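Visitor: structure of the sequence below:
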Amino acid sequence: MSDIRFETLGDYQQQLGLALAGATRRVDWFDMTMAEVGLELADRAEGLRQMLAGSALARVRLLVFEDDWFWRHGAGVAALMTTYGHVMELRVADECDRLPGEQFLLTDQVVVRRFHPDALRGVASDDARSRILCQQQFDSMWPRAQPAASGRRLYI
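Guide: Numbers count the residues shown, from 1 in each chain. Modelled structure (predicted):
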């Protein structure tokens with residue numbers, strides 16, 4: 001797979017869908033709010049469910065700046081956490097990591113990078129260097145991040 005560039009929301013969501021469909025063991029996903037990734041779509045939750053059910057080694061780690069949108073609109077994926085909570089985790093990034101920058105979805109084969117949260121430009125690639133750089137960034141933020149609040153939010 002060569003680099004596939006995108007500049008529209010539809011193309012971005014399509015590349016995310018293709019990456020998730022090809023994931024077999026690992027999904028590391030960093031996004032500010034998950035609001036523009038199509039997480040509310042049924043096929044996102046179904047794709048993650050199939051991956052988690054298909055392998056005892058599968059892991060999903062979601063890292064966000066704010067988890068409000070996730071709990072309100074990502075019900076399908078949030079429901080997976082009740083079944084697969086032992087291999088699926090949502091964390092909220094530490095204050096020191098909350099700088100606007102590159103957001104990405106990293107699987108065991110592909111990385112989909114969005115260059116800046118205010119723009120839809122990005123690239124999907126299977127380039128090892130890109131995957132390693134994103135993995136290093138994710139792995140540096142993950143230990144500092146706090147586990148998301150569990151339970152049902154009432155929004156009173």
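Visitor: where exactly do the helices run in this protein?
Guide: Ranges of helices within the chain are 9-22, 42-54, 68-73, 75-83, 128-141, based on DSSP state H.
Visitor: got those as TSV, with distance to Glu102, mean pLDDT and mean neighbour count columns?
Guide: No exception for glycine: its C-beta is placed from N, CA and C like everyone else's. Below are the helices of the chain laid out as TSV (distance: least, Cβ to Cβ, whole Å; pLDDT from 0 to 100; neighbours: other Cβ atoms under 10 Å):
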stretch	distance to Glu102	mean pLDDT	mean neighbour count
helix 9-22	13	91	18
helix 42-54	21	88	17
helix 68-73	19	84	16
helix 75-83	22	86	16
helix 128-141	8	92	14
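Visitor: can you put those helices in CSV and add distance to Arg98?
Guide: Converted to CSV, the helices of the chain look like this (distance: least, Cβ to Cβ, whole Å):
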stretch, distance to Arg98
helix 9-22, 21
helix 42-54, 24
helix 68-73, 14
helix 75-83, 22
helix 128-141, 10
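Visitor: for those, which one sits closest to Thr33?
Guide: helix 68-73 (4.5 Å; Cβ to Cβ).
Visitor: tell me the pLDDT of Gln109.
Guide: The model reports Gln109 with a pLDDT of 90.
Visitor: same deal with Gly38?
Guide: Residue-level pLDDT assigned to Gly38 equals 82.
Visitor: and the residue most central in space within the chain, how far from Leu106?
Guide: The centroid of the chain falls nearest to Trp29 when counting by Cα atoms, centre = their mean (2.5 Å). Look at Trp29 and Leu106: by Cβ to Cβ, to the nearest Å, they are 7 Å apart.
Visitor: what do you get for His86?
Guide: Distance from His86 to Leu106, counting by Cβ to Cβ: 21 Å.
Visitor: among those two, which residue is more densely surrounded?
Guide: Leu106 (25 against 9; other Cβ atoms under 10 Å).
Visitor: beta partners of the more buried one?
Guide: Beta-bridge partners of Leu106, counted by DSSP bridges, are Asp28, Val111.
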